[in-house]
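A.B. asks: Quick one, what's the 3D model for this:
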Amino acid sequence: MEKKLSLKLLVNNKSNKVLFGEAGKDFIDFLMSLLALPIGSVIRLLTKQNMVGCLGKLYESVENLSDSYTQPGHNKNFLLNPLMPSIPSCPNPLLLLENRTNSQSKNMYYRCSNSSSHYYVTRIKGSLCPTCKFQMTIEVPYVFLNNIENTVSNGEGGFVKSVVTYMVMDDLVVTPMSTISSIALLNKFNVKDTGVLEEKVVEVGMKEEIH
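C.D. replies: I've put the predicted structure just below:
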């Protein structure tokens, strides 16, 4: 079942315009996590045909490049389907990528399969060991000790705290929500009659995230 996030919108029914969104920690964590999205994943999600500029063509060129032209131990998948950087203590990973990650775990590293005395590690399974040139295929899990300590101490992970509600504007400006900020926005939008305002709760899933 697809995971979805809730977002409460304040809508002006008279002008049919969304004034702002009211969001909790889970939505804000997702929104800020977009900044960690690798460009290869962005192209893959938007599709290379719909990508603005020449990046779609570059992505297609890598797709079509024969393995005979790449360095030994390198995999095109590293560029076409890059691993997400590990997000500290984040219990809600990017919904955009939760069903689209490759088979290599983002928290998994690999060491040389020839000898345990070689201490090199890599995030790309099958890379060649710099010492003996054997493939690096032995899994080495990576544990974020600081992140675990933080999660235990405050009971939550992610980027922002859950002690407040956050306001999200249509240009993606995010600020902590308060009565004063809400009133200021109503004045900014020249709302004189609060009777025209309506709260609507929407769910954000894969389709909405891409668009």
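A.B. asks: Helices of the protein, start to end?
C.D. replies: Along the chain, the stretches classed as helices by DSSP state H are 25-33, 39-46, 55-64, 77-80, 145-154, 179-188, 206-210.
A.B. asks: Dump the ones you listed into CSV; add mean pLDDT as well.
C.D. replies: Formatted as CSV, those follow (pLDDT from 0 to 100):
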stretch, mean pLDDT
helix 25-33, 84
helix 39-46, 79
helix 55-64, 85
helix 77-80, 80
helix 145-154, 48
helix 179-188, 87
helix 206-210, 60
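A.B. asks: closest one to residue 138 among those?
C.D. replies: The closest of the helices of the chain to residue 138 is helix 77-80. By Cβ to Cβ, the value is 18.6 Å. For the C-beta atoms, the positions are set from N, CA and C on the backbone; glycine is no exception.
A.B. asks: Let's see that closest one as CSV, backbone CA atoms only.
C.D. replies: This file holds the C-alpha atoms of helix 77-80, laid out as CSV (Å, rounded to 0.1, in the frame of the first residue of the first chain):
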residue,chain,number,x,y,z
ASN,A,77,23.9,1.9,-12.3
PHE,A,78,26.0,4.2,-10.0
LEU,A,79,25.1,7.1,-12.3
LEU,A,80,21.7,6.0,-13.6
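A.B. asks: Distance from the chain centre to it, please.
C.D. replies: Taking Cα atoms, centre = their mean, to the nearest Å, one finds helix 77-80 lying 17 Å from the centre of the chain it belongs to.
A.B. asks: Cheers, nothing more for now.
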